[in-house]
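Peer 1: curious how this folds, go ahead:
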Amino acid sequence: NISSNILKQKIPIILDGEASNKFRELISLDIRRQGGLFFTNHDLANHLGKKIRNKINGDTRLIDPTCGIGNLLISCAKYLPIGKSLCDTLLLWNNRLIGYDIDIYLIKVAKYRLLLLAAYLTNDYSGLSDYINSDKLFPLIEIKDHLRNKISYLPDDVLLLNPPYFNIKAPENCTWSKGKIQSAGYFITHTLDQMKVKQHLIAILPDVLRSGTRYTKWRNYISSNSEIIDIETIGRFDKYTDIDVFILHLIKTKHNKKNYWLNQFD
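Peer 2: Predicted coordinates:
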């Protein structure tokens, strides 16, 4: 029952930082730290989206295996084709946006925000409420644990990640370290192992993976299995989170002999 004019004013706010701010109010800093739950802020997500926009073509699917409330998907979905109406746009997007999270509430929020983005870009708010509880709304954004499920990748898929940042015990299949490791590092190598050659991955990661002496083997593993397109140091993740991060952009390869990191960081 909200008028189109009010929606036009409210949607940019909802797609900007309001959703993340609400979650910070609801979830204490200690709990967010324990679970590594740091939602990508609007500016950083948009910066990542601009980096990858030229890689989005007519067949690209955007995949965020740790999607949270959908900030990275939103930052890149605006570069997908749009139809003449909300319905047409959802038909174009439904099979091209893929996201996993283990929290049903976060999944629902991500879907609703992407729905609002589609309505805003098409300037079509007719029947918006009909999609809210529809099982057909972004069916490939769903409850899944990325580390326990394989994704069936297609050649033009683009991977987007802002994985959890916390320490875990290295799984038995982790070949680059033992003992306690940064979970984000394992998320990246797990994803890289499943990707197809020539696929792009772009991720926001804790800077310790880029510069820490404990992660030399991780960097070597990344270099031997990918071509690194770009590394950009960002500094502090956001004003609420005292963690320095960097953006890693790579393409999956086989047996790469060039070590990008060798003379730069070690």
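Peer 1: pLDDT at D130, what is it?
Peer 2: If you check D130, the pLDDT there is 85.
Peer 1: could you verify that it is part of a helix?
Peer 2: Yes - D130 sits within a helix when classified using DSSP: H, G, I helix; E, B strand; the rest coil.
Peer 1: and the gap between it and D124?
Peer 2: 12 Å (Cβ to Cβ, to the nearest Å). Heads up, the C-betas are built off the backbone N, CA and C, glycines and all.
Peer 1: which of these two has more residues huddled nearby?
Peer 2: Comparing D130 with D124 by neighbour count (other Cβ atoms under 10 Å), the higher total belongs to D124, at 19 against 11.
Peer 1: is the closest residue to L121 other than its chain neighbours within a helix or a strand, and which one?
Peer 2: Excluding the flanking residues, the one nearest L121 by Cβ to Cβ, 6 or more residues apart in numbering is I82, at 5.1 Å. Of the helices and strands defined by DSSP states H and E, none includes I82.
Peer 1: does I82 touch Y120 like I think?
Peer 2: No - at 10.2 Å, I82 and Y120 do not qualify as touching, with contact defined as Cβ atoms under 8 Å.
Peer 1: can you give me the strands in this protein?
Peer 2: Ranges of strands within the chain are 62-64, 97-101, 141-143, 158-161, 167-169, 180-182, 200-206, 226-238, 241-252, based on DSSP state E.
Peer 1: out of those, nearest to D16?
Peer 2: The closest of the strands of the chain to D16 is strand 226-238. By Cβ to Cβ, the value is 13.2 Å.
Peer 1: in the closest one, what counts as buried?
Peer 2: Across strand 226-238, burial judged by 16 or more other Cβ atoms under 10 Å covers S226, I228, I229, I231, I234, F237, D238.
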